[in-house]
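# turn this into a model:
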Amino acid sequence: MRLPTLSRQDFDVLVSRTNLNMPPEQIADIYEVFGEVEAILARVRRDFPITQGPAMLFAPEVERE
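Alright, predicted model coming up:
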């Protein structure tokens, strides 16, 4: 499992800013998987050619009368 780049203390500060009422156990569980979430976001947030965008890959079938 990947370790988060954020320290636990910094993570707790971010969680406190959300005003969500979560028990400490739930916050610990979320922090435990936060490294994996960061890895997913890093893969999504990348530059890619416009030709790989969804609009360029979608080819609708046109009915002709």
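# neighbours of Glu61, how many?
Glu61 is flanked by 5 other residues according to other Cβ atoms under 10 Å. All C-beta spots, glycine's among them, are computed from the backbone N, C-alpha and C.
# what's the pLDDT at it?
Glu61 carries a pLDDT value of 76.
# let's verify it: helix, strand, or coil?
Counting by DSSP: H, G, I helix; E, B strand; the rest coil, the backbone at Glu61 sits in coil.
# relative to Val44, how far out is Tyr31?
21 Å (Cβ to Cβ, to the nearest Å).
# sec struct for Val15, please.
helix.
# let me know the pLDDT of it.
94.
# neighbours of Phe64, how many?
Residue 64: Arg, not Phe. When neighbours are counted by other Cβ under 10 Å, Arg64 registers 4.
# what's the offset of the longest helix seen in the chain from the middle of its chain?
Scanning the chain for the longest helix, with DSSP state H as the assignment, gives helix 24-44. Computed by Cα atoms, centre = their mean, to the nearest Å, the chain-centroid distance of helix 24-44 equals 9 Å.
# mind listing what's buried along it?
For helix 24-44, burial by neighbour count (16 or more other Cβ atoms under 10 Å) applies to 27, 31, 34.
# distance to Ser7 and pLDDT added to those, as TSV?
Below are these laid out as TSV (distance: Cβ to Cβ, whole Å; pLDDT from 0 to 100):
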residue	distance to Ser7	pLDDT
Ile27	14	96
Tyr31	10	95
Phe34	11	94
